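Colleague: would you be able to build a 3D model of this:
(one chain, ligands or ions: 3)
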Amino acid sequence: MLKIENLNVSIANKHILKDFNLEIKEGEVHVLMGTNGVGKSTLVKALSDHYDCEVSSGRIDFKGKNLLKLDASERANEGIFMSFQNPVEVEGVNNMYFLKTAVNEKRAYNKEEDVNSAHFLKEVKSIIKEYNINDEIIKRNVNEGFSGGEKKKNEMLQMLLLKPDLILLDEIDSGLDIDAIKLVAKAVNSLLDGKRSVLMITHYDRLLELIKPDYVHILKDGKISKSGDYSLALKLQEKGFEGLGEG
Ligand code: ADP
Ligand code: MG
Ligand code: MG
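Modeller: Residues are numbered from 1 along each chain as shown. Ligands and ions are numbered 1, 2, ... in the order given. Below is the predicted model of the structure:
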C-alpha cells in the first residue's frame, strides 16, 4: 500500500524527518506516537502534499505509484484521506456541494461517471443518522462555525463518502468526548475490510482500544526508534516516553 524510503522533510528550514522509513501493507493499522513537536504531523503533511513542508529527498510509493509526483488533489483521488489536526473552514462553500464535488472529482479521476444525486443524498442521510450527526452541518458552509466535535464528525462524513484506501488520522481524538471517539472508531472500523490501511497519530490509548493497531511506532530524532505491537502503546501509557528512553 505505502512504502516510505529514506524520506527527508523540512518545515521552515528545519530538518524534521531524517532518512525516515515506514512500510504499511494492505489491511494494516499503524500508529505513530512520539513527544510533542517530534514531527508526527510533518509526516502526514508530507504524505498529503501540504504546503508547509518540503521533501528534499527520499521515495514514497503508494499502490505502486510515485506519490511525490502527485499533487494534493491527485493523492486524494488516488485514495488517500487525511483528517487534519485542525480542519479548515471553507468560507462560502456549502458543505453538501463540497462533499458531492469531492466524490465526483474522485470518480472522474478514476474514469467513473458522476454519482447519482438521489443515491448520494440517500447515502449522506443514512450516514448522518447512523453517526448521530447534526443534519444542519450539511446545509452550512464547510466547517464554518462548526464546533470542534462537529468538524471531526464532518471529516468522518467525508471519509465514509470517499471510501479511501489509506486513512491518515492526525490526533482525531483530541478534544473529542467519549461518545464522539466511539463514533470515529466505528466509522474507521466500518471501512476496514482487510484491504484498506490506516496510519493514525494519537497520544491516548482510548482510540487504540477501539481501533486495534497491528503496529505501534515511536518517532524520535527524525526516524522510527522503536516498533512493536499494541503492548508497546500500553507500556508507553504506563511509563511515558522518558520512561522508555524515547523522550
Ligand atoms: P508533532 O505533530 O509531532 O507534534 P510537528 O510535525 O507538528 O510535530 O512539528 C515538528 C516541528 O516542526 C516542531 O518543532 C514544530 O514547531 C515545527 N513546525 C511545524 N509546523 C511549522 C511551521 N508552519 N513553521 C515553523 N515550524 C513549524
Ligand atoms: Mg503536536
Ligand atoms: Mg501534530
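Colleague: show me which residues of the protein sit near ligand 1.
Modeller: Residues of the chain lying close to ligand 1 (CB under 6 Å from any ligand atom) are 11-12, 14, 16, 34, 36-42, 52. Glycine gets a C-beta too; all of them are placed from N, C-alpha and C.
Colleague: how about the helix or strand harbouring Ile16 and ligand 3, touching?
Modeller: For Ile16, the host element (DSSP states H and E) is strand 14-24. No - Strand 14-24 lies out of reach of ligand 3 by CB under 5 Å from the ion, never closer than 11.1 Å.
Colleague: take the residues of the chain next to ligand 1 and keep only those in strands.
Modeller: With strands taken from DSSP state E, the overlap with the residues of the chain next to ligand 1 comprises 11, 14, 16.
Colleague: please report which of the residues you listed has the highest neighbour count.
Modeller: Ile16 (23 neighbours; other CB atoms under 10 Å).
Colleague: pretty sure that residue is touching Gly34, no?
Modeller: No - using CB atoms under 8 Å, Ile16 is not in contact with Gly34, being 11.3 Å away.
Colleague: report the beta-bridge partners for the residue most central in space within the chain.
Modeller: The geometric centre of the chain, computed from its C-alpha atoms, lies nearest to Leu168 (CA atoms, centre = their mean), at 2.0 Å. Leu168 has these beta-bridge partners by DSSP bridges: Met82, Leu199.
Colleague: tell me the contacts of it?
Modeller: 44, 47-48, 80-83, 198-200 (CB atoms under 8 Å, 6 or more residues apart in numbering).
Colleague: closest to ligand 1 out of these?
Modeller: When these are compared for distance to ligand 1 (CB to the nearest ligand atom), Val44 wins out at 8.2 Å.
Colleague: touching, the closest one and Asp170? I think so.
Modeller: Yes - if you go by CB under 8 Å, Val44 and Asp170 touch, sitting 4.9 Å apart.
Colleague: joint contacts of those two?
Modeller: 82, 201.
Colleague: that older thread, and the strand holding Ile16, how far out from the chain middle?
Modeller: How far strand 14-24 lies from its chain's middle: 17 Å, per CA atoms, centre = their mean, to the nearest Å.
Colleague: cool, stretch 192-209 as well?
Modeller: On CA atoms, centre = their mean, the centre of stretch 192-209 falls 9 Å from that of its chain.
Colleague: relative to ligand 1, how far out is the residue lying closest to Asp19 once chain neighbours are set aside?
Modeller: Spatial nearest neighbour of Asp19, excluding adjacent residues (CB to CB, 6 or more residues apart in numbering): Asn6 at 4.7 Å. Plainly put, Asn6 is 18 Å away from ligand 1 if you go by CB to the nearest ligand atom, to the nearest Å.
Colleague: so who does Asn6 touch?
Modeller: 19-21, 57-59.
Colleague: element containing it?
Modeller: Going by DSSP H and E, Asn6 is in strand 2-11.
Colleague: what pLDDT, on average, does that strand get?
Modeller: On average, the pLDDT along strand 2-11 is 98.
Colleague: pull out the buried positions in that strand.
Modeller: Residues 2-4, 7-11 are the ones in strand 2-11 that count as buried (16 or more other CB atoms under 10 Å).
Colleague: ok, so of those residues, who is nearest Leu162?
Modeller: Leu2 (17.1 Å; CB to CB).
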